[in-house]
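**Student:** I'll drop the sequence and a predicted model, then ask my questions.
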Amino acid sequence: MALFPSFAGLSGSNSSAEDRAPADLEWLSNQSFTEDALKTQRHATERLQAEEPASSGQKRKEREDSHGRSKKSKKKKKKKHKKRSRDNSESSGSESDTVYPSDLLKKDNADREEAQVRVSETFMWLDDLQTPTDSPFCIDRRADRANWEYKSLYRGDIARYKRKGNSCLGLDFRMQAVNWDDSGPEKKRMVKKPERYFCPSTLQRLRSDSLPALPVLSEGSAANSDSYIKLPACTEEQGSSAQAPVSWVNPLGIYDPGTSLWLEGKGQSEVKGDQQDVEFQGSSTTLLSARVEEFNRKLRENPTDIQMWLDFIHFQDELAFGSGSYSVASDSDMRKMSLRAVLEKKLSIVDKAVESNPANVDLKLEKLRLCKELWEPAVLQKEWKKLVFVHPNSAPLWRKYLLFTQSHFSTFSVSKVNSVFGKCLSTLSAVQDGSMVSHPPLPGTQEDLLDIFLQQCHFLRQAGHTEKAVCLFQALLDFTFFKPDSVKDLPTRQQVEFFEPFWDSGEPRIGERGARGWNAWMHQQEKGGWVIPPEPDDDDEEEPEDSEIKDKTRPKWKIWLDVEASREANHWLPWRPDKTKGQSEEDCEDPDRQVLFDDIGPSVIRVDRPDLQLQLILSFLQFLGLPGPSGRFSTTSSSNILLDDLTFLEEGPDPERPLTCYDLPMAGICAVGHMTFLGNCRRQAGLCKAGEEFLQNVLQQTLPLVSAKDQAVITLCWLQYEKLKVLRCLRSRNKRQLKSQGKRSKRLAKRLLKEPDNRGSLALWREYAHLEWLLGNLEEARKVFDTALAMGMSRGLNDPVLCNLCFLYAQLEVEQALNGGTVSTSSKAVYILTKLAEGAAYTPFSGQINPVAILKARKAYELALSNFLPEQSTCSNSGAPKKLHRTSSLVGCFGLFQYLTMGIDAADAVYSHAIQKLIPNNLNSEVTDVSLRTSKVFADWESVAMQHVALLRHHTNTNVFPLSRLRLALTDAISLLPSSASLWHLYLQTENRYCSASRARRFFHSVAKKTDSVVPYLFAITAERQLKQQLDSVQRSRLSGEALPTLQLNGLSNRIRSLFETATATEHGAHCPLLWRMYLNFMVCDGNAERGSGIFYKALQDVPWVKGLYMDAVQLFPERVEEFLDLMTEKELRLRVPMEEVDILLED
C-alpha cells in the first residue's frame, strides 16, 4: 500500500527489481503492509459501518442515564469528544475509504477508556459490576474546598510508598545530592535489650515460685565421700551437648545451638523468650489470684478481723497500680486502670466491712479517707459530724476530725477550727465527769484532754492568734489552781459558768501584776465586793517607742514584713485596759488583741491529777520559750504538726564544746514571740520587756501552787532558760549583749540559790556553775562546783543528781584541758570522778592522784553499775523507769572515767554493755507504743546514747580512730531513737567526711520507712542540700576541670525534689509546716519560681493555718503581696499590720 496514490506503482510487492523506485524514494512505500493485511482491514471496516447506526443511539441513551446529574463541564467534554470522533469519521470517509489498523487500535483503546470512565465516575459495589475492570476505583471530579483552605493535601489522599535508598541516578555523588524532605521517618527496629536484674520481668521471675533461685543438689550428691562437692550439670546443658548437630562450623559438636547459629551468621529465635515471659506473667497472675482468694477465704471465715479488712483494702493498690511485690501490671494496664475505679472498689470493700463491723471506728475512718476524693466538701463535713456524734468518747477519732477541719482548705477558717476544738474539749469533759451517761469514758481520756488542749494553743500560735493562746493558758491555770471549794463538786460545764463572771470582771489574771486568783475574787464578792484600788506604779511608765519604719526608701513589702515581725515579737500579750490610767476597751488600737470569754470558755477543762498539773505548767513555760523535757505529746502526728522552727536543722553541735553542747536539745517548736522567717534568725535572746516581766510573774505565782519536788523542777527550768539565753548570745557573737545578759542571769541564779528551799539543791548549783563557766569565769565556776561537791559528796554513787553534777564538771575540765594540751591520768577530771566513787569528804584538787584510789574507784563503779542495771532486759516492773533514770548519769561517769584512765576501748565496752542491758529484748525500732517512746525511759536511753556518741566523736577528732565504730554507734542509736535531732546532727557531721553519700542515703531510707516521725526526712533533705551547697561553692570557685569530675553531680536538685515529694506524700509528713516551708524555699532558691508558686498552693491544701508559710511566700513572691494578704484575711489568720496602715505610716 502506498502512502500516496500517485506512487502506488512503486509500492507493489510483485514488481521486479528493475521496476522498483530508486533508494531515495523508498520512504514513500510501506514494505511491511501486504495484501493479506489489506483484506483484513477492509473486512473490519465493513462490519464497523454496519454496527455503527444501531449502537450510536444506545450509547447516547446510556450516557444520558448515567450522567444525568453531572456538571456542565463534564457535558462539554463529552460533546467535544463526540464532535472530534464525528469529524474524524467524516474526514476519513470523504478523503478515502481506506481504514488503517492503527486507527482501529486507537478506536478500541478510546472505547475502552470511555467505558472505564463511565465505571469510575459511577459509585457502585464491586459485586454489581457485570464485567470487571482493570481499575476498580472511582474518580471524584468535584472540587475539594479543603485544598483551597489548607496548605497541603489530606494525608489520606497521598499514596504511601517506601523509597529504597536516598540516591538518585545521574547525579555526581561527590558534588550533587538530593534532599528528600518529604520522606517520612523510618520505622525503628524493635531491638530487645538485654534484661538487667532490676527489670520488672526479672523481678517477677525471682518472685515466682516456679523457678528456683539457686541450683538444687541431687539426693545422691550428699552421700559421696569426695574431697569436694560435685555440681550436677544443668539439664539444658546436658540436652544441648547430647543433641548438638555436627556441621562445618561445629565439627566436634562442642558448641551449643546459639553459638552455632552465631557462627553461621544467623540469629536465634525469640519465641522461647516470649513463651517464658508469658509463663512468668501467668505464674505471677496466679499468685495474685491466690492472694485474692486467700483474702476472701479469711474474711469469709472471720469477718470481724479489722486488720485483715484494712490489708485487703490496701492490697487493691498493689493489684491495680503495681506498687506491691506481687503486682504484674504493665504500663498499659496502669494507664487503663482509673484511679476513680480503684477508689470505688475500695469503697465497696469498706462498705462490706462496715456492715460486718458496724461499731468499729477504724473502718469508718478509712471510709472517710477514701471518700475525701469522691465526695463534695459539704457531704464529707456532714459525715464527719455524724461520726463524732455517734462516738463522742473516742479521743483518737476527735483528733482525726480536728486534723480534717484544720487541713481542709475549702472549708477552713480559724474561727471554725477554734469552735471545733471547743466542741471536742467540752464533749470529752462531759464524758469524763459523767455528765454524758450514754458513753462511758475510755482509758487515758484525761491525758487526751490535756494533749488536745495544748494542740489548740499551738494551733492558735501558728495562726498568729497568740493572744488567744495565752488567754487559754491563763484561764486553765486559774480554773485549775484557784478553784473555790464551793464549786469543785459541780460538773465541768457548771464550773465554767461560775468562772465566766471572774474572767469578765477585769480582775488581774495569772502572769499579770497583782493577780490573786479566782478563789480570792469569789471570797471578795461574798464579803461585799469591796475592791482595794491598786497604787499606780511610777516605774511602769511606758518608754517612748521608736518609729517602726527605719528606712522609708525600702520596698513596701519589706517594710510590711519588718513591721509585722516586730509586732509579732512585742504585741503577743492580750491587751487589758489599765484602770489606774483611766483606760477603757475603746482605747485599744487593735481590737483583735482583746480576747472574749466566748473564744476560750468551751475549751476550759478539768485537770485534777498532780502529774498532769505539773505537765500543764511546764507546757505553758515551754510555750513561752523555756527549755524542758521533750515528748509532751502522746502522738507522733501531734509532734509533726508542731515542727515549725527553721533553726531546728541549722543549729548543730558546737565544735568548741564537743562533750557538753547537748545539754539543752532543740525542740523544733517556735516559742511565742519568736516566729522564724526565711533568712531572719532570732533578733533577741529572750522575750520582749513586757514578755520577760510576764514570764517572771507566772513563775513566781505558780511555784507556791505545787509540791516541793515539782517546785525544784520548775526552778530548774527557770535557771536553764537563763543559761539558754547566754548560749544564744554566745552564738550571735555579740559581746555587749552577752555581758548584760550574763549580769541579769547571774543575779537571778544567786537570788534563787539564797532561798531556803534551794540552798541544798545540787541541780541548781550545777546550772549556776555551768553558767559561770559559759561566761568565761572559770575560777568562779570551779569554786561553785567545789562548794557543791563539798556539800553533797558524801551521798556517793547512789545520788543521780550528784553523779550528774560530777559528770558535767569532769566534761568541762576535759574540754578545757584539750585546749591546753593532752589529758593525762593526773587531770582534775579523773580526780573528781575518783572522789565521787569513794564517797568521802571532798577536798579541792592538789595535783596528785593515788593509783590505788583509781583501782578502788573502778571496782566501785563496776559494783554500782551491776546493782543498778536490770538483771533482765525488760521494763515490765514498775521500778524500772526510776532505776534507768538513776543509771544514765552513773553510766556517763563510769564511761568517762574508763576513757581517761584506760582508753576508748574500755569506755566503749562500758557503754555497749549498759545499752545492751537498758534496751529490752522485745523493743526494737518498730515500737508502736508511743507512750513508751515519750516516757522518761526513752529520754534516759537517749542521754546514754548521746554520751557514748559524743565521747567517740571527741576521741575521733583528737586521735587516730576508725570512723566505722562511730558510725556503727550512731546507726544503732538512731535506729532506736529516730526522732532525736542531736543524734541526726552528729550523723550528718560524720558522713560529711566521706565522698560517697550512697551509704547515708540507704540508711535514711531504711529509718524513714520504719517510723511515723518526719525528722528522718528533714535530715535526709538537709544532708543533700549541704552536699549541693558544697558543689555549688566548688563550681563558683573556678577550680580546674580535673577536680570537677570527682564530685557528685548526679542530679542533686532532682533528688532533693524527690525527697520532698516522698515526705509530703506520707500521712505524717503532709501536715508538717517545717517540711512545706523548706520545700517552698528550696524550689524558689533553685530557680523554679513558677513551680515554687505551685508548691505554695499545694501546701495550703495541707497546712492552711500556718502564718509563717504566708510570710515566706511574701518574701519569695513580693509582687503578689496583696494576694497573700487577702488570702490571710479570708482565712482569718492574724494580720497585725494591714497594708493600708503601712501606707499611713509611710505618709507620717
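**Tutor:** Noted; the coordinates are in hand. Everything numeric here is computed off the predicted structure, so don't read it as measured data.
**Student:** Run a quick neighbour tally on residue 996.
**Tutor:** Using other Cβ atoms under 10 Å, residue 996 has 9 other residues around it. C-beta here means a position set from N, CA and C on the backbone, and glycine is covered the same way.
**Student:** cool, and residue 162?
**Tutor:** Residue 162 has 8 neighbouring residues, counting by other Cβ under 10 Å.
**Student:** Where does it sit: helix, strand or coil?
**Tutor:** Three-state assignment for residue 162 (DSSP: H, G, I helix; E, B strand; the rest coil): coil.
**Student:** can you give me phi and psi for it?
**Tutor:** phi -120, psi 120 (degrees, to the nearest 10).
**Student:** Would you check how far apart it and residue 1145 are?
**Tutor:** 78 Å (Cβ to Cβ, to the nearest Å).
**Student:** what does residue 491 give?
**Tutor:** From residue 491 to residue 1145 the distance is 50 Å (Cβ to Cβ).
**Student:** same thing with residue 705?
**Tutor:** 44 Å.
**Student:** repeat for residue 420
**Tutor:** 37 Å.
**Student:** likewise residue 487?
**Tutor:** 48 Å.
**Student:** same deal with residue 709?
**Tutor:** For residue 709 relative to residue 1145 (Cβ to Cβ), the value is 51 Å.
**Student:** got the residue ranges for the strands in the stretch 251-400 of the chain?
**Tutor:** For the stretch 251-400 of the chain, strands defined by DSSP state E, counting those that start in this stretch do not occur.
**Student:** Where does pLDDT dip in it?
**Tutor:** Scanning the stretch 251-400 of the chain for pLDDT under 70 picks out 267-286, 321-338.
**Student:** give the contact list for the most centrally placed residue in the chain.
**Tutor:** By Cα atoms, centre = their mean, the chain has its centre lying nearest to residue 1063, at 1.8 Å. Contacts for residue 1063 (Cβ atoms under 8 Å, 6 or more residues apart in numbering) come out as 1008, 1014, 1017, 1018, 1021, 1069, 1072, 1075.
**Student:** in the helix or strand that contains it, what counts as buried?
**Tutor:** If you go by DSSP states H and E, residue 1063 is part of helix 1052-1065. Buried residues in helix 1052-1065, counted by 16 or more other Cβ atoms under 10 Å: 1052, 1055, 1056, 1057, 1059, 1060, 1062, 1063, 1064.
**Student:** ok now it, how far from the chain's centre?
**Tutor:** Helix 1052-1065 has its C-alpha centroid displaced from the chain centroid by 6 Å (Cα atoms, centre = their mean, to the nearest Å).
**Student:** After that helix, which helix or strand is next?
**Tutor:** Next along from helix 1052-1065, by DSSP H and E: helix 1073-1085.
**Student:** Show me what the next helix-or-strand element following that next one is packed against.
**Tutor:** Following helix 1073-1085 in sequence order, the next helix or strand is helix 1089-1100 (DSSP H and E). Under the contact definition 3 or more Cβ pairs under 8 Å, 6 or more residues apart in numbering; DSSP states H and E, helix 1089-1100 sits against helix 1073-1085, helix 1107-1116.
**Student:** run the last query once more with 6 Å
**Tutor:** Where contact means 3 or more Cβ pairs under 6 Å, 6 or more residues apart in numbering; DSSP states H and E, helix 1089-1100 is packed against helix 1073-1085.
**Student:** Show me what the helix it packs on is packed up against.
**Tutor:** helix 1089-1100, helix 1107-1116.
**Student:** Could you figure out how far the helix holding residue 1063 is turned away from helix 1073-1085?
**Tutor:** 150 degrees (axes from the mean of the first three to the mean of the last three Cα atoms, to 10 degrees).
**Student:** and helix 1052-1065, C-alpha only, in CSV?
**Tutor:** Included here for helix 1052-1065 are C-alpha records, laid out as CSV according to Å, rounded to 0.1, in the frame of the first residue of the first chain:
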residue,chain,number,x,y,z
LEU,A,1052,21.1,16.6,93.3
SER,A,1053,18.2,19.0,92.7
ASN,A,1054,16.0,16.3,91.3
ARG,A,1055,17.0,14.0,94.2
ILE,A,1056,16.1,16.7,96.8
ARG,A,1057,12.8,17.4,95.0
SER,A,1058,12.0,13.7,95.0
LEU,A,1059,12.7,13.5,98.8
PHE,A,1060,10.3,16.4,99.4
GLU,A,1061,7.6,14.8,97.3
THR,A,1062,8.1,11.5,99.1
ALA,A,1063,8.0,13.1,102.5
THR,A,1064,4.9,15.3,101.8
ALA,A,1065,3.1,12.3,100.3
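**Student:** if we can go back for a sec, among residue 420 and residue 1145, which residue is more densely surrounded?
**Tutor:** Neighbour count, other Cβ under 10 Å: between residue 420 and residue 1145, residue 420 has more, with 21 against 16.
**Student:** For that one, which non-adjacent residue is closest in space?
**Tutor:** Closest residue to residue 420 apart from its sequence neighbours, by Cβ to Cβ, 6 or more residues apart in numbering: residue 405 at 5.0 Å.
**Student:** was I right about that neighbour contacting residue 417?
**Tutor:** Yes. Residue 405 lies in contact with residue 417 (Cβ atoms under 6 Å); the separation is 5.3 Å.
**Student:** So for the two, which residue has more residues nearby?
**Tutor:** Neighbour count, other Cβ under 10 Å: between residue 405 and residue 417, residue 417 has more, with 24 against 20.
**Student:** these two touch, right, that one and residue 407?
**Tutor:** No. The pair residue 417 / residue 407 is not scored as a contact, 9.5 Å apart, by Cβ under 6 Å.
**Student:** anything in contact with each of the two?
**Tutor:** Residues touching both residue 417 and residue 407 by Cβ atoms under 6 Å, 6 or more residues apart in numbering: none at all.
**Student:** what about residue 617, how many neighbours?
**Tutor:** 24.
**Student:** Can you tell me the SS state at it?
**Tutor:** Applying three-state DSSP: residue 617 is helix.
**Student:** mind listing what it touches?
**Tutor:** Contacts of residue 617 by Cβ under 6 Å, 6+ apart are residue 702.
**Student:** pLDDT score assigned to it?
**Tutor:** You'll see residue 617 listed with a pLDDT of 94.
**Student:** Quick check: it vs residue 503, distance?
**Tutor:** Taking Cβ to Cβ, one finds residue 617 at 20 Å from residue 503.
**Student:** picking that back up, reformat the buried residues of helix 1052-1065 as TSV; add pLDDT.
**Tutor:** Putting those into TSV (pLDDT from 0 to 100) gives the following:
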residue	pLDDT
1052	88
1055	92
1056	94
1057	94
1059	94
1060	95
1062	93
1063	94
1064	93
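**Student:** Adding distance to residue 784 as columns, could you present these in CSV?
**Tutor:** CSV is the format used below for the buried residues of helix 1052-1065 (distance: Cβ to Cβ, whole Å):
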residue, distance to residue 784
1052, 49
1055, 50
1056, 48
1057, 52
1059, 47
1060, 48
1062, 50
1063, 46
1064, 49
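**Student:** what's the farthest-apart pair in these?
**Tutor:** Spatial extent of the buried residues of helix 1052-1065 (Cβ to Cβ) is set by the pair 1052 and 1064 at 18.6 Å.
**Student:** ok, residues contacting stretch 989-998?
**Tutor:** Outside stretch 989-998, the residues touching it (Cβ under 6 Å, 6+ apart) are 966, 967, 1000.
**Student:** how about the helices in the stretch 851-1000 of the chain?
**Tutor:** Per DSSP state H, counting those that start in this stretch, the stretch 851-1000 of the chain carries helices over the ranges 851-868, 880-901, 904-918, 930-933, 936-958, 963-976, 981-991, 998-1008.
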